[in-house]
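1. Generate a structure from the sequence data that follows.
(one chain, ligands or ions: 1)
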Amino acid sequence: MGRVHLSPPHVGELERALLLDAFDSNWIAPLGPHVDAFESELAARVGVGHAAALSSGTAGLLLGLELLGVGPGDEVLTSTLTFAATASAIVQRGARPVFLDVSPATWTLDPALLAQALDDRARAGRLPRAVLTVDLYGQCCDHDAIAAACARHGVPILEDAAEALGATYRGRAAGALGALGVVSFNGNKIVTTGGGGALLSDRADWIARARYLAAQARQPAPHYEHTEPGYNLRLSNLLAAVGRGQLRALDERVAARRAHNAFYREALGDLPGLTFMPEADYGRATAWLTCVLIDPAAFGADREAVRLALEREDIEARPVWKPMHLQPAFRAHPAVGGRVAEGLFERGLCLPSGSSLSTADRGRVVNVLRAAGRGA
Ligand SMILES: *Cc1c(COP(=O)(O)O)cnc(C)c1O
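-> Residues are numbered from 1 along each chain as shown. Reported below is the predicted structural model:
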């Protein structure tokens, strides 16, 4: 029996064929026909006007913040329960993150807390430059409530949908909710290019500028004219070819992960002290990762004991993200609340959820959890 991974890449024959096509065409560069096609196919899939294919989701966050004018001295309000890239991008722009707590009903940014934080800052005459929302573990944040609060103060939204490609919110796709959206094609995400990401928007001028900045800010002149500094953040044509194949399988990947989630709920739902991350009724989550909460008193073992029991069976499980306001790198920045996220971190465990997870391996996970629940 091999190791069961949390969320391994899942690629097939189509990706292989497209990759070889890119290879054989000798378009082995951070531009080319597969990059262009991937961008238009991704934009169509998400329902936005334009997409810039980039070397990572983090690159998308950095460029998105730059396009919104975020720089030194600015504040950006964001969720404390996220992967570090969200917070790092803000800090790397020279801005100050403010970490807001999440709602227990969705595990995403608490809209009431955000509205209050925006009102407080408006009264003090010091509005944030942007709000960076996070769609967590394949579930969209409560975008309409967040957007209403932001609209009252004219603060733009950048949506970190790195974990949520394929999810919907009131019929709209994750990545299409904010003024700008970011998705990731890292190896552990629902679809992957090995490493990659994209910035999405309806604004053609923003996406054109993102592509230009990501390609060394090169002016159209034969001698390489530059009027401002740029970056090297474009996605390679080889990887874009893989991404095109992956994107075509997105619906199947979502269905597979949701099926794992349904299976876990069915097989573990009767255990006392074990509950699942709620799926909000405003949309359809991808269940990128199935997450459970373990109440040690009722369950008979704590989160860490369960994780170690899984590890002993060569099964990878991970705690829910450690909140940013508790991270040594970001502790000095302000936080608003945080107790909900702290509780989720303390009790939350992400279970193996990859779309290629076998029925047998899923069964192994369930057996370990059921045994751990009896305090075995
Ligand atoms: C994965 C992830 C990112 C970063 O994406 P990369 O492509 O790995 O740079 C950003 N935010 C969240 C919430 C993520 O999970």
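2. which residues of the stretch 251-376 of the chain score low on pLDDT?
-> 374-376 (pLDDT under 70).
3. Now do the contacts for the residue of the stretch 51-200 of the chain found nearest the ligand.
-> Proximity of the stretch 51-200 of the chain to the ligand (C-beta to the nearest ligand atom) peaks at residue 57, 2.7 Å away. Yep, even glycine has a C-beta here, placed from its N, CA and C like the rest. Neighbouring residues of residue 57 by C-beta atoms under 8 Å, 6 or more residues apart in numbering: 85, 160, 162, 182, 183, 184, 185, 186, 189, 196, 197, 198.
4. Count residues in the vicinity of the residue nearest to residue 215 when sequence neighbours are not counted, would you?
-> Spatial nearest neighbour of residue 215, chain neighbours left out: residue 234 (5.4 Å); criterion: C-beta to C-beta, 6 or more residues apart in numbering. Neighbour count for residue 234, taken as other C-beta atoms under 10 Å: 23.
5. Measure how far the top helix by length along the chain is from the centre of its chain, please.
-> When the chain is parsed with DSSP state H, its longest helix is helix 250-268. Relative to its chain's centre, helix 250-268 lies at 18 Å (C-alpha atoms, centre = their mean, to the nearest Å).
6. After it, which helix or strand is next? Please name it.
-> strand 274-276 (DSSP states H and E).
7. Who are the packing partners of that following strand?
-> Helices and strands touching strand 274-276, by 3 or more C-beta pairs under 8 Å, 6 or more residues apart in numbering; DSSP states H and E, are helix 250-268, strand 290-294.
8. OK, now which residue of the stretch 201-350 of the chain is nearest to the ligand?
-> For the stretch 201-350 of the chain, C-beta to the nearest ligand atom, closest residue to the ligand: residue 321, 8.0 Å.
9. tell me which element residue 162 falls in.
-> Using DSSP H and E, no helix or strand contains residue 162.
10. where does stretch 335-349 sit relative to the chain's centre, distance-wise?
-> 18 Å.
11. going forward, begin numbering at 31 instead of 1
-> Sounds good: first residue 31 from here, last item stretch 365-379.
12. Give me the buried positions along it.
-> 365-368, 370-372, 374-379 (16 or more other C-beta atoms under 10 Å).
13. quick one on the thing from earlier: wait, is the residue of the stretch 231-380 of the chain closest to the ligand part of a strand?
-> No - under DSSP: H, G, I helix; E, B strand; the rest coil, residue 351 sits outside any strand and is assigned coil.
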